[in-house]
Every structure is written in C-alpha cells, then in structure tokens.
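K.L.:
Fold the following and give me the result.
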Amino acid sequence: MSVELNHTIVHSLDNHESAEFLANILGLEVGEEWGPFVPVETSNGVTLDFATIPGESIVMQHYAFLISDEEFDAAFGRIREQGVTYYADPHLKQPGEINHHYGGRGLYFMDPAGHGMEIITRPYGNEE
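P.N.:
Take a look at the predicted model:
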C-alpha cells in the first residue's frame, strides 16, 4: 500500500460554520457529523474533519486545493458573490487580485477561524 493522506483535523471556532463555508466555496458536500467532527471530503478521498475548539487554541494553518479551471471559475464566482476578501499572495498584500503562477490561476482567502485557504489550477513547480 502506498502512503496517502486520509484525513486531517481542522480546528475551528464553530465546526459547522467552517465546514459549510469551505464546502460552499469548493462546491463540496458537508458530511454527517461524527462525534466532535464535521467532515468535508475532497475528490481524492482526503477528509477535512472540522472540530470546534476554544479560539485562543487555534493556530493558523494553510490548506491549498488543486482544482480544475471550471471549478476555479465556480469557486471564484462564489467568493465574489459572498463578498469574501481574496488575495493574489499568501501575505495578503494584493487584495482583489488573483495570481497566474505556472500558467494557471490561484488565490488566497481566510476561513471563519482564520486559516489561510488557497485554490490553484496548476500545482507549484508545474512547467507545462
């Protein structure tokens, strides 16, 4: 068996709010709550299990999602429609812009718990 990431726990102020926020942006489904977790599964089978914890315990993490051009258009549309602030860079210095790294498109936005989310259409280092 090859090594694959199966799931990760994402700390949040409200597990339902954060799971629904990300699922909505990415066009995914929120799974059934299981214990303290609200899961969102990606198309490659990795599950982000959102867990509510005290706000002072949350440490910002970064999550990047590789999506198709069509999925980017849809997600970008939802981001703009919902008034979510987005940036072309991870340091949040270029608001309202997207990037074109490696011939693709990408952007960064924050989730309700303050985690940095990124959507890209080409993986980093892809010279195609």
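K.L.:
Could you give me the buried positions within stretch 6-24?
P.N.:
Buried residues in stretch 6-24, counted by 16 or more other CB atoms under 10 Å: Val10, His11, Ser12, Asn15, Glu17, Ser18, Ala19, Glu20, Phe21, Leu22, Ala23. C-beta coordinates here come from the backbone N, C-alpha and C atoms, glycine included.
K.L.:
in this protein, which ranges drop under the pLDDT threshold?
P.N.:
126-128 (pLDDT under 70).
K.L.:
Quick one: the helices in it, in order.
P.N.:
15-26, 69-81 (DSSP state H).
K.L.:
Give the buried residues for the last one.
P.N.:
I take that to be helix 69-81. For helix 69-81, by 16+ other CB under 10 Å, it's Glu71, Phe72, Ala75, Phe76, Ile79.
K.L.:
before we move on, back to that, and which of the buried residues of stretch 6-24 is nearest to Val59?
P.N.:
His11 (7.4 Å; CB to CB).
K.L.:
one step back: and the buried residues of helix 69-81, which two are furthest apart?
P.N.:
So, the buried residues of helix 69-81 by CB to CB: farthest apart are Glu71 and Ile79, at 12.2 Å.
K.L.:
Brilliant, that's me finished.
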